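Trainee: predicted model and sequence below, questions to follow.
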Amino acid sequence: MDFHQMQDRARTVRARYAEVEASAYGRSWTTEEIMLGFLGDVGDLAKLVQGKAGVRPREDLDEALAHELADCLWSVLTLADAYDVDLAGAFTSTMDELDAVLAED
């Protein structure tokens, strides 16, 4: 799956969540609420990274880590979409900037 397909898939899943939220709560989540969910996912990811370091072991660590990384990526894609950020373009230009800085050293 290429980046644009991932973005389309994230958009589709977000639209389905919005329908569920509207049905359950009378409205879909705001971008602020999506961001708060992302923060929770980052916290979960931090615990799994600790697990990889031996601090918080669990049986399904590799699967849980992959799942949480994907959750975090979905949140980033969803927020970028909500704010009309060309994430592929921003990633490319940011990596170019970092490469230039590293080349100076």
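Mentor: Sure thing, it's come through.

Trainee: how about the helices in the chain?
Mentor: Applying DSSP state H to the chain gives helices spanning 3-25, 31-52, 61-82, 87-104.

Trainee: output the contacting helices and strands for the longest one.
Mentor: If I follow you right, that is helix 3-25. Helix 3-25 sits against helix 61-82, helix 87-104, with contacts defined as 3 or more CB pairs under 8 Å, 6 or more residues apart in numbering; DSSP states H and E. C-beta here means a position set from N, CA and C on the backbone, and glycine is covered the same way.

Trainee: re earlier: using CSV, please lay out the helices of the chain together with mean pLDDT and mean neighbour count.
Mentor: CSV is the format used below for the helices of the chain (pLDDT from 0 to 100; neighbours: other CB atoms under 10 Å):
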stretch, mean pLDDT, mean neighbour count
helix 3-25, 97, 13
helix 31-52, 97, 14
helix 61-82, 98, 16
helix 87-104, 97, 10
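
Trainee: right, so of the helices and strands packed on helix 3-25, which gets closest to residue 36?
Mentor: Evaluated over the helices and strands packed on helix 3-25, closeness to residue 36 peaks at helix 61-82, with 10.1 Å, by CB to CB.
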